[in-house]
Structure formats: C-alpha cells, structure tokens
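# Sharing a sequence plus its predicted fold:
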Amino acid sequence: MKIPTSILDHIEDPIIVLNTSLKIEFQNEATNRLFDNDQKGQHISLLVRDPAFLEYIENTLLDEDNEGIEITFDSYIQKISKEPITFLFNVKKSDELLFLILKNITELKRKDLIKSSFISNVSHEMKTPLSSIIGFIETIKNSAKDDEAAKRKFINIIEKESLRMKRLLDDLMVFNHIETEESIKPKDKINLNEVIQEIATNLEYEANKKNMQIKTENIYDLNVLGNYDNLLQVFSNLIENAIKYANENTKILINFEQQKSNNKTDQFALVKIKDFGPGIEKSHISRLTERFYTVDQARSRSVGGTGLGLSIVKHILKRHGGKLIIESEVGKGSSFTVKIPIYNH
Ligand code: ADP
C-alpha cells in the first residue's frame, strides 16, 4: 500500500505509520512539530518508550481488539508545550502497515479532574451537615428523649444545618446555570445605579441586624453591557460578604468610577464595595475566587458561608468580559472592585 503522505501532512493530529517490524515508515508534519525531528527508519520504541505502549502495539499486530492507550509526554520529549501533554493513541491496521493516530486529550483530562474534584468537594460539604442532622435526630429519639431543653437545642442545630444545605444547593444551582450560559455574551443595557439601589434595599434589614449601614457615594446612572440577574447576583454576593465578615457598627461604602479610553471597546465601569472588617491576609487573596476556598472555614460556616460566593462572582464577570479586583489590609478592611465594560451603543 502506498502511504498517502500529502493527505496525512494536512491532518492536524500527529500520525505515525509503522511497518510490521514496528519501524517508522512515515510521520506527518504534525508529528514532526511534536517531536521536532523525523525518526524515519527507527523503531517506535525510540519515540515512545513506555512498556505498556509497546505491549499494546504488539497486541494490535496480533489482531487483538484494542481500545486505544493514553500516553503522557513530558516537556523534554515533546516540543510543543512546557507542560506534559497526554495523547490518546489509536492504531488502525491496513495491509502491512500500522497507522498510529494521536489525539491530544490534555484539556479533556484537565476538565475531568476539575469536575471530579468539584464532585468530591460538594459531597464532602453536603456530608458534614447531613451527618450532624442524622446524629442529632438519633440523640433526640434516644438519650435526649425526655430532656426538653436539650431537644430544643438540638432542633435548633438541625434547623441551622438544614439551612446550610439549602444555601449550598442554591449556590450550586446558580453555578450550574452560569456555566451553561458561559459562552453566551450578555448584551442588555443595564443601569448599575438601579442594580445597586435594589440590592441596598434588599440587604438593609440584614445590615441593620449588625447595626451596619450601606452607604452609596458618588453613584449615578451608569450603563454597562450585561445581564440584570447576573449582575444582581454579583453585587448581592459582594455586599452580603461585607455584611457577613465586617465588624458591627461599621459602614459599607459603594462608589462608581469610570475608566475612560479613546477606544470604545476599552471603557470600563468600576464599582467599589469597601468594608471596614478584619481584612484578608495577602497570601489568601489570589485564592479567594476558587470554589470552596475559605480563609477560616469555621468562621465562614458560622456566618452562613458556602465558599462558592466569590467563585460565582468570578464566573459571571468572566462572561461579562470583566474582572474582580480584591484589595485588603489586615485590621483595616477590604475592597472588592467590579470592572465591567461600559455600554457604548
Ligand atoms: P463564603 O460563602 O465562605 O463567604 P466566598 O466565596 O463568598 O465564600 O468568600 C470566600 C472567602 O473569602 C470567605 O470564606 C472569607 O474568608 C473571605 N471573604 C470574602 N469576603 C470578605 C470580606 N468582605 N472580608 C473578609 N473576608 C472576606
């Protein structure tokens, strides 16, 4: 069989053609780019040393059905990335030739890893309140059966833990919703003044419970390109955090600023939410928007946190072509600034 070299050179995936002695008869341009040199005439084991791979190839020669094999190349072997790359190798036999087709599955594997660590985090976060609920129900039914005061105390704990599970589920649903919409760019004209006024009214009661005041300074009609519900979620999460973490009898200041530019696509609205709370140590700041990251888990739980609030903010802002800027000083307070493109049509 004649190898269709010019066709194979146009295929984006690396393809290596072997003869039955497992020597390289041909490698396409994508393979040349991957390994940076042509290994024609060499045994395949010079290119891929993994014994599992060699066994796989030999089994294919014996006509056994093979599903493909995953091989990871470190950066000193492959030349296209500083990070290891994983390929799925598939072999097709044709006459006396073996066609090795390599599919880069690095990104797919990275996403799988994120997904499975997310699932294990969610299960863990759910398991803790659920175990506590089951434990206290058991106690109420048995040892605390005749102790009214203890029963009341345990029922309060059960209520608190159930509410925590509900908050977690609510945040997960928001997360899911945002992820499915992530690729759709929001395009409504949203007046940030209206968003902030609505939240300030909604959260006034919560703030008053800690004798805190939500104060708007220098806020005016400022239009951005966005989605109303999404932006409501962003500012609710940030202002709720300020209420949760800042000290009693303090203010939360909100103000607007505009980053102007002659280039219309480079103009941003900046909304700063400043609190006078405990502040956050520098080493934590870059990690705050990770899912389930909390500086002090016990404190976060005691104020009803789920560890998802800021990662929801980050996701929404990414969808809006914006970002979150966090500044903080321990003992003085924190400011969370939302940066989003101005509506310019
Ligand atoms: P949580 O549900 O735990 O509040 P978030 O994702 O909203 O989760 O926030 C992550 C962590 O960032 C919190 O657990 C808390 O430690 C810290 N944090 C967020 N906002 C503030 C703030 N205004 N002041 C101090 N710490 C904050």
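On my side now, so go ahead.

# Where does the prediction get shaky in this protein?
Counting by pLDDT under 70, the chain contains low-confidence ranges at 64-65.

# which residues touch residue 325?
Neighbouring residues of residue 325 by C-beta atoms under 8 Å, 6 or more residues apart in numbering: 336-337, 339. For glycine as for every other residue, the C-beta is placed from the backbone atoms N, C-alpha and C.

# Equivalent analysis for residue 185, please.
By C-beta under 8 Å, 6+ apart, the contact set of residue 185 is 319, 321.

# cool, residue 34 as well?
14, 73, 78-80, 102.

# how would you label it: helix, strand or coil?
Under DSSP: H, G, I helix; E, B strand; the rest coil, the three-state class of residue 34 is helix.

# and it, how far is that from residue 1?
Counting by C-beta to C-beta, to the nearest Å, the gap from residue 34 to residue 1 is 24 Å.

# swap in residue 222?
Applying C-beta to C-beta to residue 222 and residue 1 gives a distance of 68 Å.

# neighbour count winner among these two?
residue 222 (19 against 8; other C-beta atoms under 10 Å).

# ok, the more buried one touching residue 192?
Yes. Counting by C-beta atoms under 8 Å, residue 222 does reach residue 192; the two are 4.8 Å apart.

# Would you check that residue 103 makes contact with residue 90?
Yes. Assessed by C-beta under 8 Å, residue 103 is found in contact with residue 90 at 7.2 Å.

# Looks to me like residue 202 is in a helix.
Yes. Counting by three-state DSSP, residue 202 is located in a helix.

# Might you report the residue contacts of it?
residue 236.

# Please enumerate the helices of this protein.
With helices called from DSSP state H, the chain shows them at 5-10, 29-35, 51-61, 106-141, 148-181, 192-209, 228-245, 282-285, 297-302, 309-319.

# Could you give the number of residues near residue 320?
22.

# ok, now how distant is residue 335 from residue 94?
With C-beta to C-beta as the criterion, residue 335 and residue 94 are 64 Å apart.

# Need the overlap of contacts for residue 222 and residue 192.
Shared contacts of residue 222 and residue 192, defined by C-beta under 8 Å, 6+ apart, comprise 256, 269.

# which non-adjacent residue is nearest the closest residue to the ligand within the stretch 51-200 of the chain?
Closest to the ligand within the stretch 51-200 of the chain is residue 171: 7.7 Å, counting by C-beta to the nearest ligand atom. Closest residue to residue 171 apart from its sequence neighbours, by C-beta to C-beta, 6 or more residues apart in numbering: residue 308 at 4.1 Å.

# What is the neighbour count of the one you found?
24.

# how about it, what does it touch?
Residue 308 is in contact with 168, 171-172, 174-175, 291-292, counting by C-beta under 8 Å, 6+ apart.

# any idea how far the ligand is from it?
6 Å (C-beta to the nearest ligand atom, to the nearest Å).

# Would you list the phi and psi of that residue?
The phi/psi pair for residue 308 (degrees, to the nearest 10) reads phi -110, psi -10.

# Please report phi then psi for residue 78.
When read as degrees, to the nearest 10, the backbone of residue 78 gives phi -90, psi 160.

# Is it correct that it is in contact with residue 72?
No. Applying C-beta under 8 Å as the test, residue 78 and residue 72 come out as separate, 9.5 Å apart.

# out of those two, which sits in the busier spot?
residue 78 (18 against 14).

# what does the stretch 151-300 of the chain put close to the ligand?
By C-beta under 6 Å from any ligand atom, the residues of the stretch 151-300 of the chain that approach the ligand are 237, 241-242, 245, 275, 277-278, 280, 288, 293-296, 300.

# Among those, name the buried ones.
237, 241-242, 245, 275, 277-278, 280, 288, 294, 300 (16 or more other C-beta atoms under 10 Å).

# As TSV, those residues with distance to residue 217 would be great.
What follows is these, written out as TSV (distance: C-beta to C-beta, whole Å):
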residue	distance to residue 217
237	21
241	19
242	14
245	21
275	14
277	18
278	22
280	22
288	24
294	30
300	28
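
# out of these, what pair is the most spread apart?
Across those, no pair lies farther apart than 237 and 278, at 18.3 Å, counting by C-beta to C-beta.

# Any quick PyMOL command for the buried ones out of the contacts of residue 34?
Of the contacts of residue 34, the buried ones can be selected in PyMOL as follows, counting by 16+ other C-beta under 10 Å:
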select buried, resi 14+73+78+102
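
# thinking again about what came up before, quick check, nearest of the contacts of residue 308 to residue 55?
Closest approach to residue 55 among these (C-beta to C-beta): residue 291, at 39.4 Å.

# Hmm, residue 121 and that closest one touching each other?
Yes. The criterion here is C-beta under 8 Å, and residue 291 meets it with residue 121 at 6.7 Å.

# So which of those two has more stuff around it?
The neighbour count for residue 291 versus residue 121, taken as other C-beta under 10 Å, is higher for residue 291 (19 against 14).
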